[in-house]
Each structure stands twice: as structure tokens, then as C-alpha cells.
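Participant: Sequence plus predicted model, see below.
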Amino acid sequence: MFTVATPLAACSSKTIDAPPPTIEPAGPAVALPVSAAPAGAVRPLSGSPVAALVDAGSAALVVLRPGVDGRAESSLTVFGPGSAAPRTIPLPGPATSVAGDGRGVAYLSTLGGYFVVDLAAGTASRVDINGQQNTDFTAIARRNDGKLVLGSADGTVFILASAGENATAVAEQTKIFARVDSIVTQGDTAVVLDRGQTSVTAVGPDGRPQQALRAGDGATTLAADPAGRVLVTDTRGDELMVFSVDPLIMRQRYPVALAPYGLTGSSTLAWVSQTAANVVVGYDLATGIPVEKVRYPTVQQPNILAFDDSSDTLYVISGSGAGVQVIDHATAPR
């Protein structure tokens, strides 16, 4: 299936005079108790995680959790390969999003700047961005050139001026969104998700907005895959959407019932969770239309997915405290 979406208004200016029109953002379904035993193994993890990634260098799963027991500070829980007990790395404050360099360093957005975490050492430091002490950063991603891209609650995208772990200067900033809910990168191009506008927008290496496309009736999650694509779930419209980058074009859209929300890409499959059914499905995108290859029952509330290509392991992280599901050899039909 090949579908080209209709572009939004052209981004000829770096600022707008008034907030763009929005709708009520969509969200995952409230999952019922599980009706089938989750595939694979389940490792305990309490609370309500908000994001996760796999660090390729260490093959560790890194899960971002908000503060618990009345604490404002967020933390990272790091699951190494095998069955060793996870490690907890406290953060110097609340964090909203996580990105990584694939070599043992994680970056997390926070008010006024970002945290840098050495996953091996278990240490975290704060970096303040010049002139942005009151900016509520809501999203973060890392480009191939090492520069960080951050987004804010007021709809601004920031490109930092230099690569490295302690960049503080802003090179470019663009305010055309209602809110920046998520950012992923392919090469040095960033793609921004705005749930209120249910849109995706490409931001070029120079920090300037390029194409902007509507993304269904209620886009919620965003992921980049190793094939250079960007994946989006339309939770309200029950669809998986697949975009190419540079230029940003919708290449595929496919019905996925029961409130698709959790999302991650791998070298062979796109993984989508059905939050109303406690199920995760792996789709092959190679033929031009998604083809279901595998399907697994999950832990309750499968809001977050992550994939380790080196070990063919799918992680399903519950948003309701039901733990982390580990599915080994996930791409092999069973």
C-alpha cells in the first residue's frame, strides 16, 4: 500500500504568530487484566515507566521511570543481559525523555537542560542549556553527527551548536508546534511528533523545518528503524503509518486494531502493541504493505517497546507496573 499524505501549511518561516489549532491528544487504551500468559519471561519492575531504549554497546535495556515514594527525581533502571539483578541510577531531577549514543551514554531531557548518564559507571550529571533555564524540555534525540535535538512543551525545537556530552549553546531554534511530544532522528534529519496537531515534521540538518504531514486521527508514538524509516502509531485511528525521510513521505499505512501504542523498529520487523488486548505484533514492511509475521501475548498495559537486534530480543515494558517482558528469538515464528 502506498499513500502520500497531504502536507500541512508550508513552513516558510521559523516562527508563527499564534499557536496552531490542536485536538485532544490520543493515548493508550486502559488495558484489561491479561487473559493469556505473557510470552517469554517477565522481570519485575514497579511504577509507571515512561520510556526505554537498548544501548547497543552493552546490550542493556534502559528504562526511564518517574520518581516514586514521593520523590521528584526520576531514575534509570538498567537490565543487563542474562538474569542479573537490574541496577538503578538516580537522576538529579525529573526527566521526560531518553536518547542514547549506542556506546554507553544516555541523554535525558529535563527542565532547563538535560542529564548525561554513564551507564557503566552509574553516574549522572546535569547540563544547563544557555538561556533556557525555564524551558520545559519534553523530548530529546541524538543525530548521527552527535548533536542533540530537544523539544519543549511550548512547541519549540532546539538544535545544539556542538556535539559531545556537555554542549550548552543553541545553534538553531524553531517554534512551529503546539508541543513537541517526541523526536527521532535518521542521519542528521530529525522528525518531530506533535500529538495535539497529530502531525510529523522533518527538521533538516540546518535546523530548519522541511516537510510536515498529518498523521492520522490521533498519532501518539514515534520510532526510527534501521532501514531509514520512521514509524508512527495512530492510536485513535487504529493504524500503523510508515514514512520515508528526506523527503518526508508517507509510504505505508495499515490497520492495527485495539489501540496501537507501543512501537519499535528492528532490522526485519516493525513491532506494535495493541494496548486494548495486551498483545504485540511484528510486521514485515519489505513488500510495501505490512505483513503480520509474529504475535505474542504480553504483560498488562504494553505501552513501551524496545528491541535488541544483536540478540533478537523484544522487550515489552508495562505501563502499569506489571514488569518487563523479555521475548528471546522474537522474530522467529512459533
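Facilitator: Okay, I see it.
Participant: where are the low-confidence patches of this structure?
Facilitator: For the chain, applying pLDDT under 70 flags the ranges 1-20, 69-70.
Participant: Please parse it into its domains.
Facilitator: For the chain, automatic domain parsing gives the domain ranges 31-48+225-334, 50-214.
Participant: Output the ones you listed in CSV, with distance to P25 and mean neighbour count appended to each entry.
Facilitator: In short, each C-beta sits where N, CA and C put it, glycine included. Below are the domains of the chain laid out as CSV (distance: least, Cβ to Cβ, whole Å; neighbours: other Cβ atoms under 10 Å):
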stretch, distance to P25, mean neighbour count
domain 31-48+225-334, 9, 20
domain 50-214, 4, 19
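Participant: So which of the ones you listed is nearest T22?
Facilitator: Judged by Cβ to Cβ, the one of those that comes nearest to T22 is domain 50-214, at 3.3 Å.
Participant: Tell me how far the closest one lies from the chain's centre.
Facilitator: In terms of Cα atoms, centre = their mean, to the nearest Å, the gap separating the centre of domain 50-214 from the centre of its chain is 10 Å.
Participant: start at 56 instead
Facilitator: Okay, residue one is now 56; in that scheme the one you just asked about reads as domain 105-269.
Participant: Spit out the contact partners of R284.
Facilitator: Contacts here follow Cβ atoms under 8 Å, 6 or more residues apart in numbering; on that basis R284 touches 241, 297-300, 306, 320, 340.
Participant: got it, and P141?
Facilitator: Counting by Cβ under 8 Å, 6+ apart, P141 has contacts 98, 100, 132-135.
Participant: and the two most separated of those residues?
Facilitator: Farthest pair in the contacts of P141, by Cβ to Cβ: L100 and G135, 14.0 Å.
Participant: Check the gap between the closest residue to P121 other than its chain neighbours and A179 for me.
Facilitator: Spatial nearest neighbour of P121, chain neighbours left out: S129 (5.4 Å); criterion: Cβ to Cβ, 6 or more residues apart in numbering. For S129, the distance to A179 equals 10 Å [Cβ to Cβ, to the nearest Å].
Participant: cool, S90 as well?
Facilitator: Following Cβ to Cβ, the distance that separates S90 from A179 is 39 Å.
Participant: can you pull the contacts of L295?
Facilitator: Counted by Cβ under 8 Å, 6+ apart, L295 has contacts 286-289, 307-309, 311, 315, 325, 327, 338, 345.
Participant: swap in V89?
Facilitator: V89 neighbours (Cβ under 8 Å, 6+ apart): 333, 352-355, 377.
Participant: And stretch 372-389, end to end?
Facilitator: 21 Å (Cα to Cα, to the nearest Å).
Participant: should've said stretch 293-304
Facilitator: 20 Å.
Participant: and what of stretch 85-102?
Facilitator: Taking Cα to Cα, stretch 85-102 runs 15 Å from one end to the other.
Participant: From the chain's centre, how far out is that stretch? Work that out for me.
Facilitator: 21 Å.
Participant: which helices and strands sit right next to the helix or strand hosting I144?
Facilitator: I144 belongs to strand 142-145 when elements are defined using DSSP states H and E. Where contact means 3 or more Cβ pairs under 8 Å, 6 or more residues apart in numbering; DSSP states H and E, strand 142-145 is packed against strand 130-134, strand 178-183.
Participant: angle of the last one against strand 130-134?
Facilitator: The directions of strand 178-183 and strand 130-134 differ by 140 degrees, with axes from the mean of the first three to the mean of the last three Cα atoms, to 10 degrees as the criterion.
Participant: contacting residues around strand 178-183?
Facilitator: By Cβ under 8 Å, 6+ apart, the residues outside strand 178-183 that reach it are 131, 144-148, 165, 167-173, 220-223.
Participant: Check the shortest one too.
Facilitator: Contact with strand 130-134 is made by 98, 100, 104, 115-120, 122, 141-146, 153, 161, 163, 172, 174, 177, 179, 379, as judged by Cβ under 8 Å, 6+ apart.
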